[in-house]
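*Asks:* fold the following and give me the result.
(one chain, ligands or ions: 2)
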Amino acid sequence: MTRYSTGAIALHWLIAFALAFELALGFAMPRGVEGFALFQLHKSVGIAILALTVVRLGWRLAHPRPAPLERGLAHAAAHGVHVGFYAFMVLAPLTGWALVSTAPVNVPTVLFGIVPLPHLPLPGSINEMVEETHELLAWCGIALFLLHVAGALRHEILLRDRLLERMAPGGSRPLGGLLALGVIALGIAAFLAIGSRQAPASEAEALPPQAEQTAEAVLPEATPSPSEEATATAEEEPGAIPQWKIRPGGRLAFSVGNGDAGTIDGSFAKWQGAIAFDPDRPETADIRITVDLASASVGDATQDGMLAGDEFFAVSQFGKAVFSASSARQTAPGRYTAKGTLQMKGMTLPQTISFRLAGEGLHRKAQGSATIARTAFGIGEGSAAESLDPNVSVSFSFEADGTVPAN
Ligand code: HEM
Ligand code: HEM
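*Replies:* Ligands and ions are numbered 1, 2, ... in the order given. Purely as a prediction, here's the structure:
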């Protein structure tokens, strides 16, 4: 017998393609919520590799291999790489599985959107160690891959002993070569394609409050200086305070650090505001923003369900969060802060928001942010939230039209 059995060949290439894709996916998938679907795919493909490997090991025991072409050191090296590969194919998925089973934020896995993967009964204390091992194994896998391909090339180019034919479907060398190139190409292409998906920042992310330069771009072109404004205010008759109607299309987003896993970003789909505000007389402001907490989404149904649950918003009991402020203060041209209160999960605590206004007259664009101490409100309790930062950044942007009520 000079070739591997058809089953062994099929499994070799199937697993090789899956592994190339899986490694690329693992390194390139974005951490945080935008990578959620890719994480599910990574876990699904990883467990599929584990299942295929079990079949492959069974197959190998039942079907004899062709006798080795070489003896001595070269044989030992090739054999070492093959044994290493088998160990890697079992341990990489197992450490991945252990990693998600012990993660502080409990995210369920549904393989290919169909089969739920139970968590392994392992202590949370080993999470960091398993995560490091998983990454280390991935690098070992790449090293094995390079050694394995170098070995195959040595046989092809230096020894010309047609080794590839032993692992090629139908013993066809061109087909073997094509499959080999395909495996490498898939790994590189997947890495580049997934890596380049990381860019689309949400509108809120594109304008973080500290990004002063970006912020300046949205300021009105001819913003009066504070002194000019003060004179103008003094000279004008203090008319009625404009009431603002928020246009559809606004955004209220939140973001919270989640340890090594990056950040969790989401937004509220339903919220409304009753705003009385005169940009020239911010002290007369009356602002009330009501947020429907059940409309919070991080882009994944399972996690959204957790957000609505008792450990987070407890929406069945406390459906709304309300920010109210009865005054605001100008801090720079077009920039304001409003100190008020935030009522959430049965508690009312002091809360400051800051914002800037662009536009003129009775059509303005507001953009702002706030930092909310979630733990003070009892939001994110229990082990599921252990690695979440205690502070959540909230950002909003909307356009509004003002009307001045008749006196
Ligand atoms: C042969 C199978 C697998 C390979 C080759 C593989 C490879 C990788 C690689 C290269 C990374 C990125 C490492 C880093 O940059 O930190 C990664 C991360 C990860 N893998 Fe896997 N993986 C496999 C199976 C699995 C399985 C079965 C699961 C779960 C059921 C899993 C869960 C994860 C998770 C959650 C991360 C993210 C760790 C983090 O950055 O927080 N992996 N994997
Ligand atoms: C470009 C990619 C690849 C090429 C050209 C290639 C080529 C080969 C060849 C020619 C053999 C037969 C060696 C012999 O007869 O002694 C072989 C065996 C083997 N390959 Fe690959 N391979 C590739 C990718 C992979 C990958 C990604 C894996 C990872 C799982 C892998 C795992 C193995 C294993 C474990 C064996 C030994 C099979 C056994 O004896 O049980 N190969 N490979």
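*Asks:* the strands in this protein, which residues?
*Replies:* With strands called from DSSP state E, the chain shows them at 109-111, 115-117, 243-246, 251-257, 263-268, 271-276, 286-292, 296-297, 320-325, 329-332, 335-344, 347-360, 363-373, 391-403.
*Asks:* show me which residues of the second one are buried.
*Replies:* Buried residues in strand 115-117, counted by 16 or more other C-beta atoms under 10 Å: residue 117. C-beta coordinates here come from the backbone N, C-alpha and C atoms, glycine included.
*Asks:* what average pLDDT does it get?
*Replies:* Averaged across strand 115-117, pLDDT comes to 92.
*Asks:* can you tell me how far residue 293 is from residue 388?
*Replies:* 17 Å (C-beta to C-beta, to the nearest Å).
*Asks:* and for residue 103?
*Replies:* Using C-beta to C-beta, residue 103 is found at 12 Å from residue 388.
*Asks:* also residue 286?
*Replies:* 33 Å.
*Asks:* neighbour count winner among the two?
*Replies:* residue 388 (22 against 17; other C-beta atoms under 10 Å).
*Asks:* show me the contacts for residue 5.
*Replies:* 59, 63 (C-beta atoms under 8 Å, 6 or more residues apart in numbering).
*Asks:* what's the pLDDT at it?
*Replies:* 95.
*Asks:* what does it show for phi and psi?
*Replies:* phi -70, psi 160 (degrees, to the nearest 10).
*Asks:* what residues does this protein put near ligand 1?
*Replies:* When proximity is defined by C-beta under 6 Å from any ligand atom, the chain lies next to ligand 1 at 19, 22-23, 26-27, 31, 39, 42-43, 46-47, 49, 92-93, 96-97, 99-100, 109, 131, 134-135, 138, 141, 260-261.
*Asks:* mind doing that once more with 8 Å?
*Replies:* Within the chain, the residues that sit near ligand 1 (C-beta under 8 Å from any ligand atom) are 18-19, 22-23, 25-27, 29, 31, 39, 42-43, 45-47, 49-50, 88-89, 92-97, 99-100, 103, 109, 117, 131, 134-135, 137-139, 141, 260-262.
*Asks:* pull out the buried residues from those residues.
*Replies:* Looking at the residues of the chain next to ligand 1 with 16+ other C-beta under 10 Å, the buried ones turn out to be 18-19, 22-23, 25-27, 29, 39, 42-43, 45-47, 49-50, 88-89, 92-97, 99-100, 103, 109, 117, 131, 134, 137-138, 141, 261.
*Asks:* could you measure from the residue in the stretch 301-407 of the chain positioned nearest to ligand 1 over to residue 176?
*Replies:* Nearest to ligand 1 in the stretch 301-407 of the chain, going by C-beta to the nearest ligand atom, is residue 387, at a distance of 10.4 Å. For residue 387, the distance to residue 176 equals 46 Å [C-beta to C-beta].
*Asks:* neighbour-wise, which of the two wins?
*Replies:* residue 176 (23 against 15).
*Asks:* and that one, how far from residue 162?
*Replies:* 10 Å.
*Asks:* tell me how the protein divides into domains.
*Replies:* Split into domains by automatic domain parsing, the chain comes to 6-198, 203-403.
*Asks:* bridging residues for residue 340?
*Replies:* Beta bridges link residue 340 to residue 351, judged by DSSP bridges.
*Asks:* how many residues are close by it?
*Replies:* Neighbour number of residue 340 under other C-beta under 10 Å is 21.
*Asks:* then the one 3 residues further on?
*Replies:* Applying the criterion other C-beta under 10 Å, we find 18 residues in the vicinity of residue 343.
*Asks:* OK, contacts around it?
*Replies:* Residue 343 touches 321, 322, 323, 324, counting by C-beta under 8 Å, 6+ apart.
*Asks:* show me what contacts the first one?
*Replies:* To tie it back to what came earlier, the one meant is residue 321. Counted by C-beta under 8 Å, 6+ apart, residue 321 has contacts 290, 291, 293, 342, 343, 344.
*Asks:* in stretch 60-67, what counts as buried?
*Replies:* By 16+ other C-beta under 10 Å, the buried positions in stretch 60-67 come out as residue 60.
*Asks:* can you give me the end-to-end distance of it?
*Replies:* 13 Å (C-alpha to C-alpha, to the nearest Å).
*Asks:* so what's the residue of the stretch 51-200 of the chain at minimum distance from ligand 1 closest to, chain neighbours aside?
*Replies:* Nearest residue of the stretch 51-200 of the chain to ligand 1, counting by C-beta to the nearest ligand atom: residue 96, 2.4 Å away. Distance criterion C-beta to C-beta, 6 or more residues apart in numbering; nearest residue to residue 96, sequence neighbours excluded, is residue 46 at 4.9 Å.
*Asks:* return the backbone torsion pair for residue 311.
*Replies:* Torsion angles, degrees, to the nearest 10, at residue 311: phi -70, psi -20.
*Asks:* oh, that last question was meant for residue 328, not what I typed.
*Replies:* According to degrees, to the nearest 10, residue 328 has phi -140, psi 170.
*Asks:* isn't residue 77 right next to residue 154, touching?
*Replies:* No. Contact criterion C-beta atoms under 8 Å: residue 77 and residue 154 do not qualify, at 10.1 Å.
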